[in-house]
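[1] one predicted model, sequence on top.
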Amino acid sequence: MSSSAIPARKTPGPLTRAEFVQQAAAIQATPDPALTPIKVAILSTFTVDLMKPCLIVEGAAQGFLLDLWLGPFGQIEQQVFDPGSQLYQASPQTVLLIARLEDWAPDVAYRFVSLSAEALAEAKTRLISRFQQVLEQIRQKTQATVLVANFPALPWLAAGLADPSLPTSQSSFIQQLNEALAEVCARLPGTAILDTARVAAEVGLRHWSDERMTYLAKAPLSLEAMSSLSAAFARRLRSLTVTPKKCLVLDLDNTLWGGVLGEAGLDGIALGPDYPGNVFVDFHKRVLALRDCGVLLAVASKNNAEDAIQALDQHPASLLRSEHFSAFEAHWEDKATSLRRIASSLNIGTDALVFFDDNPTEREWVRSQLPEVTVIEVPASPLGYAKALAECCCFDFAGLVQEDLQRAGLYQKESQRQEMQAQAASLEDFLAGLEMKITAGLADEAVLPRIVQLLGKTNQFNLTTRRHSAADLQTLLDAGSQILWFRVKDKFGDNGVVGVLIACPTETEGGWYLDSFLMSCRVIGRQVETAMLAILERLLASQGATTLTADFFPTAKNQPAATFLADHGFENNGSQWILSLAKPRPLPDCLQLEGPFTQL
């Protein structure tokens, strides 16, 4: 699927049931080739047939052509535990599991007040164990991604207004169930939560249910609930399959403050505790929250650079400071030129940029010059800025790992490294002066999310660009493959986990295949790739391996890896590259090996 802006639905705003049916039929009758086909199976404790048109329409709005199989309601375990069931015959790529609390734990839903603390604890254990058994069975029998809908608040509480006064309120108990369910999903590769509780809160409990259809057809969700849940599912699916954008590029005048700095001056721009300045202050908070999650920030403004930096750093109400931006383009050249420079300075593609500018002329110019850049359609009123940013879907993360939380700081440290390199007499002196240390380890539960993330988004130094899911990796591990991760530290700090290798045994005695070899662009040119290969050679040789076979599949972006195999002694037999492991290579002098692999 294209990484550009998300296609819009044919009709803006809420759709009627008939409109959903009509649009779904049109999508299926003449499929858009730009949509990514994906097979989805839905298992539920209630009837979801009426939800199908909503799923198809909202799926298309996120770039998917959904091929849906809907399991019979109330038959979750029958489908999951039977290896010959229709579920597995459908060969889904994604499974959505929706179990209502009223269906799987009716005592908790209706007789909550009558249950003792011990009974509640047993009910929680029993329910979470039931989920875990179902999920483990799906994991064992399929490589599909599994999304589990958590529990929304109940439309009514057993104790009514007295619920908050209970030793354990029903509302807090449901929250505890959702937290426990999230913990189960975190432990199982390829399994994630669909936050139904959040969707229901946004819709409103009074609008969540359709009582008439509940009794007539065991179909409890209202049209609004079905459409909102479908939209949330499609957006969550997109977050699991499409790499989020890396950098938010912001204008300044009438975007981060009200007014034009060059005309109004520092004291005249709207930024402060009162309206309209407080709208921009709140927007600063939303932007900083994205930075906290690992989104890089940049400025592309037609302004005097000194004045712009002064406004950010000296205005008492500005929460965003110049130090928060990883790239800063403030001058009088056009915005497309600024965006190209920003991408180059950050060593990312222009397709990883998201442009936010209040001026429609500037937005249209960037669209015409850089169609791969995602341009947010900014509303006329600043009151809608935060909503536009939240709903652009560009920064929907499947999950957050430690490297995400540290990313902005890592780019700041990179500027220090670049300054040091510019002053070094030679590349050798620069690398030696970095005092780099590399640690390698085998994939485990703790680091698996970061490995999946690197596999999904690393493009430049990547030999094969295979995009393995967590479930794929578990299958590889079960087959005896070696999955290694690499962390690099230097005098400026910890770069985090920056490299991944996957080596698979072949049918040839002593033969191994290099399924994946990739490394973050942050450490390209520091001989880290040579160190990674040296460590893999030592590991495989210690296990009796004699040869390592590899491929290089060229893409539009992985040119930096094009000569790696040839440069490191692999010989091409006409179809693949082969390396003898008779004499593993030494580690480069500029890197010191730490951790368990030092014993190899």
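    Okay, I see it.
[2] lowest-confidence helix or strand of this protein?
    helix 402-423 (a mean of 75; mean pLDDT, DSSP states H and E).
[3] and the longest strand for this protein?
    In terms of residue count, the longest strand belonging to the chain (DSSP state E) is strand 493-505.
[4] following it, which helix or strand shows up next?
    strand 511-519 (DSSP states H and E).
[5] could you check the angle that next one makes with strand 493-505?
    Following axes from the mean of the first three to the mean of the last three Cα atoms, to 10 degrees, one obtains 160 degrees for the angle between strand 511-519 and strand 493-505.
[6] now strand 511-519, how far from the chain's geometric center?
    Using Cα atoms, centre = their mean, to the nearest Å, the distance from the centre of strand 511-519 to the centre of the chain it belongs to is 24 Å.
[7] same deal with stretch 465-485?
    Offset of stretch 465-485 from its chain centre (Cα atoms, centre = their mean): 18 Å.
[8] list the buried residues in it.
    465, 468-477, 481-485 (16 or more other Cβ atoms under 10 Å). All C-beta atoms are positioned from the backbone trio N, CA, C, and that covers glycine.
[9] please apply the same query to stretch 174-182.
    Buried positions in stretch 174-182, judged by neighbour count with 16+ other Cβ under 10 Å: 174, 177-178, 180-181.
[10] turn the residues you listed into CSV, including distance to residue 499.
    Shown next, in CSV, are those (distance: Cβ to Cβ, whole Å):
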residue, distance to residue 499
174, 42
177, 39
178, 35
180, 34
181, 33
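[11] rebuild the residues you listed as JSON lines, extending it with secondary structure.
    Written out in JSON lines, the entries for these read as follows (DSSP: H, G, I helix; E, B strand; the rest coil):
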{"residue": "174", "secondary structure": "helix"}
{"residue": "177", "secondary structure": "helix"}
{"residue": "178", "secondary structure": "helix"}
{"residue": "180", "secondary structure": "helix"}
{"residue": "181", "secondary structure": "helix"}
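[12] now the end-to-end length of stretch 242-253.
    32 Å (Cα to Cα, to the nearest Å).
[13] and it, average pLDDT?
    Mean per-residue pLDDT for stretch 242-253: 95.
[14] so how far is the helix or strand containing residue 579 from its chain's centroid?
    Following DSSP H and E, the helix or strand that holds residue 579 is strand 577-580. Averaging C-alpha positions (Cα atoms, centre = their mean) puts strand 577-580 35 Å from its chain's average.
[15] show me where the stretch 301-450 of the chain has strands.
    Using DSSP state E, counting those that start in this stretch, the strands found in the stretch 301-450 of the chain span residues 327-331, 353-356, 374-375, 436-442.
[16] what is the third one packed up against?
    Meaning strand 374-375. When contacts are defined as 3 or more Cβ pairs under 8 Å, 6 or more residues apart in numbering; DSSP states H and E, strand 374-375 sits against strand 353-356, helix 360-369.
[17] tell me where the longest helix sits in the chain.
    In the chain, with assignment by DSSP state H, the single longest helix is helix 117-141.
[18] from the chain's centroid, how far away is that helix?
    Relative to the chain's own centre, helix 117-141 is displaced by 27 Å; criterion: Cα atoms, centre = their mean.
[19] which outside residues touch it?
    With contacts defined as Cβ atoms under 8 Å, 6 or more residues apart in numbering, helix 117-141 is touched by 76-77, 80-81, 83, 88, 95, 97, 99, 104-105, 107-108, 115, 144, 146, 148, 167-168, 173, 176-177, 180-181, 184-185, 188-191, 471, 474.
[20] tell me which of these fall in strands.
    Within these, residues falling in strands by DSSP E are 95, 97, 146, 148, 191.
[21] most neighbours among those residues, which one is it?
    residue 95 (27 neighbours; other Cβ atoms under 10 Å).
[22] buried residues of the least confident helix or strand of the chain, list them for me.
    Using 16+ other Cβ under 10 Å as the test for burial, helix 402-423 gives 403-404, 406-408, 410-411, 413-414, 417, 420-421.
[23] and for stretch 154-172?
    Using 16+ other Cβ under 10 Å as the burial criterion, the residues of stretch 154-172 that qualify are 154, 157-158, 163, 166, 169-170.
[24] could you dump those into a markdown table with pLDDT and secondary structure added?
    Output for the buried residues of stretch 154-172, formatted as a markdown table (pLDDT from 0 to 100; DSSP: H, G, I helix; E, B strand; the rest coil):
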| residue | pLDDT | secondary structure |
| --- | --- | --- |
| 154 | 95 | coil |
| 157 | 96 | coil |
| 158 | 96 | coil |
| 163 | 97 | helix |
| 166 | 96 | coil |
| 169 | 97 | coil |
| 170 | 98 | helix |
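[25] now, which of those sits nearest residue 197?
    Set against residue 197, the nearest of the buried residues of stretch 154-172 by Cβ to Cβ is residue 154 (10.9 Å).
[26] look up the closest residue to the closest one, ignoring the ones flanking it.
    Leaving aside its sequence neighbours, residue 154 sits nearest to residue 109 (Cβ to Cβ, 6 or more residues apart in numbering; 6.2 Å).
[27] residue 152 now?
    The shortest distance from residue 152 to any residue other than its chain neighbours is 3.4 Å, reached at residue 200 (Cβ to Cβ, 6+ apart).
[28] also residue 458?
    Take residue 458 and drop its neighbours on the chain: the residue closest to it by Cβ to Cβ, 6+ apart is residue 518, 4.5 Å away.
[29] residues contacting that neighbour?
    454-455, 458, 461-463, 465, 499-500.
[30] out of the residues you listed, which comes closest to residue 599?
    Nearest to residue 599, judged by Cβ to Cβ, of the contacts of residue 518 is residue 499 at 20.0 Å.
[31] ok, now which ones touch the closest one?
    Contacts for residue 499 (Cβ under 8 Å, 6+ apart) come out as 454, 485-486, 488, 518-520, 523, 528-529, 532.
[32] which one of the buried residues of stretch 154-172 is nearest residue 23?
    Nearest member of the buried residues of stretch 154-172 to residue 23, counting by Cβ to Cβ, is residue 154, at 32.2 Å.
[33] quick one: residue 460 and residue 555, what's the gap?
    Using Cβ to Cβ, to the nearest Å, we find residue 460 at a distance of 10 Å from residue 555.
[34] pick out whichever of the two has more residues nearby.
    Per other Cβ under 10 Å, whichever of residue 460 and residue 555 has more neighbours is residue 460, with 18 against 12.
[35] phi, psi for the more buried one please.
    The phi/psi pair for residue 460 (degrees, to the nearest 10) reads phi -70, psi -60.
[36] residue contacts, it?
    Residue 460 sits next to 347, 521, 524, 557-561 when contact means Cβ under 8 Å, 6+ apart.
[37] buried ones among those residues?
    Judged by 16+ other Cβ under 10 Å, buried ones among the contacts of residue 460: 521, 557-558, 560-561.
[38] go through those and name the one with the lowest pLDDT.
    pLDDT is lowest at residue 521 among the buried ones among the contacts of residue 460; the value there is 86.
[39] correct me if wrong: that residue contacts residue 344.
    No: look at residue 521 against residue 344 with Cβ atoms under 8 Å: they stay out of range, at 11.9 Å.
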